[in-house]
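1. Starting from these lines, generate the structure:
(chains A and B)
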2 protein chains.
Amino acid sequence: MSIHATITQYARMLSNLDAWLQAAIAHAEAKKFAPEIFTQARLAPDQYALVQQVQSACDAAKYAAAYLAGQTAPSHPDTEKTIAELRARIAKARAYVEGFKESDFAGGGERRVAPAWMQGRSVGGDAYLTRIATPNFYFHVSMAYAILRHNGVALGKADFIGVKGWDEIGDW
Amino acid sequence: MSIHATITQYARMLSNLDAWLQAAIAHAEAKKFAPEIFTQARLAPDQYALVQQVQSACDAAKYAAAYLAGQTAPSHPDTEKTIAELRARIAKARAYVEGFKESDFAGGGERRVAPAWMQGRSVGGDAYLTRIATPNFYFHVSMAYAILRHNGVALGKADFIGVKGWDEIGDW
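-> Below is the predicted model:
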């Protein structure tokens, strides 16, 4: 199980997240309400709305890949207002994350990682990936899923994992 | 980043989940309602309630460890009705998962894993851990968190990640 395998899985989950947003648009059209209403939906008044959950999921994937490869992540300003714009944001994050090769992460587990929010402190690459980046990434994609599910979009576990049918897992 | 590091992270997240349940009990006591009301709370009528999210998170961790070590997981029947019983279920799953050593997972990434629900099919250990077990595990802990958050329990990202203060991450 390599760093690259985990980063590749983040890209798959971003692809799944994009599919949930497409399902949300279809749901809104069927119910005849504006899909943009979803962007401000949230589970609690003091929790991020959908738009910020999607932005945060994209950034979590982007920064994990950049930090562990010793690169500088591209800037993606949080300007999205519509589902279409969120889908474009996801596409940018996916393209960036999918551009990394196995060799880009050589020595990444031992690299000291110093995210800006740590204000000069640093953490080992393996601990960063396992204890911070992965729970943080899954947190935001899960909250996005939960917000859509709570608002009536017909999603299930197979959509979360990203399989059309459980049969296809046998090929992995 | 070893299989053991990921399984150890599942154990940490189960410990965090236990802390959220304790916060839920404190919230119920402060608001003078029965904490058991949380056990049947859910985000959508056709989604698992809290009790099943916690049971599923425990099982996800337990089975991942067992499958990747080539062992048979202990049976933990889904009989819990109270928060106290859910906390005991978490303690059982944690104790099982924490009992594994690095060496128990030697060759686990190449092992063929055949969960009962796959009905005779199998999947490689690395793909199982990265593409099924980890998203499935984080899905259920995140839904448990989301249900509590949606019902007013004061939780935040630091509680999800499991740090008392961000300062302590510098020691990892």
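2. My guess is A:Ile169 contacts B:Val113. True?
-> No: between A:Ile169 and B:Val113 there is no contact under CB atoms under 8 Å: 10.2 Å. For every residue, glycine as well, the C-beta is placed using N, CA and C.
3. what number of residues lie near A:Gly125?
-> A:Gly125 has 24 neighbouring residues, counting by other CB atoms under 10 Å in any protein chain shown.
4. Report the separation between it and A:Glu110.
-> 6 Å (CB to CB, to the nearest Å).
5. in which helix or strand would I find the nearest residue to A:Ala23 once chain neighbours are set aside?
-> Among residues not flanking A:Ala23 along the chain, A:Val153 sits closest, at 5.3 Å (CB to CB, 6 or more residues apart in numbering or on different chains). Using DSSP states H and E, A:Val153 falls within no helix or strand.
6. Quick one: neighbours of A:Val153, just the number.
-> Counted with other CB under 10 Å, A:Val153 comes out at 20.
7. can you give me how far the lengthiest helix in chain A is from the chain middle?
-> Using DSSP state H to define each element, chain A has its longest helix at helix A:3-31. Put simply, helix A:3-31 sits 8 Å off its chain's centre (CA atoms, centre = their mean, to the nearest Å).
8. One more: stretch A:147-165?
-> Worked out by CA atoms, centre = their mean, stretch A:147-165 lies 15 Å from the chain centre.
9. Which of the residues in it are classified as buried?
-> For stretch A:147-165, a neighbour-count test (16 or more other CB atoms under 10 Å in any protein chain shown) marks A:147-151, A:153, A:155, A:157, A:159-163 as buried.
10. And stretch A:22-39, by the same measure?
-> When burial is assessed from 16+ other CB under 10 Å, stretch A:22-39 yields the following buried residues: A:Ala24, A:Ile25, A:His27, A:Ala28, A:Pro35, A:Phe38, A:Thr39.
11. Just list the residues touching the first one, thanks.
-> Going by CB atoms under 8 Å, 6 or more residues apart in numbering or on different chains, A:Ala24 touches A:Pro35, A:Phe38, A:Ile83, A:Leu148, A:Asn151, A:Val153.
12. Then the third one?
-> Taking CB under 8 Å, 6+ apart as the criterion, A:His27 is in contact with A:Gly152, A:Val153, A:Ala154.
13. From A:Pro35, how far out is the second one?
-> A:Val153 sits 10 Å away from A:Pro35, taking CB to CB as the criterion.
14. Just the element for the residue nearest in space to the middle of chain A, please.
-> What sits nearest the mean C-alpha location of chain A, by CA atoms, centre = their mean, is A:Ala57, with 3.3 Å. Taking DSSP H and E as the definition, one finds A:Ala57 inside helix A:50-69.
15. returning to what we had before: would you point out the most distant pair within the buried residues of stretch A:22-39?
-> Maximum pairwise distance among these (CB to CB): 13.8 Å, between A:His27 and A:Thr39.
16. now chain A, which segments are flagged as low pLDDT?
-> Applying pLDDT under 70 to chain A flags the ranges A:166, A:170-171.
17. Tell me how far A:Arg149 lies from chain B.
-> 5 Å (CB to the nearest CB, to the nearest Å).
18. Tell me, how many residues neighbour the residue lying closest to A:Ala93 once chain neighbours are set aside?
-> Nearest non-adjacent residue to A:Ala93, counting by CB to CB, 6+ apart: A:Cys58, 3.7 Å away. By other CB under 10 Å, the residues close to A:Cys58 number 28.
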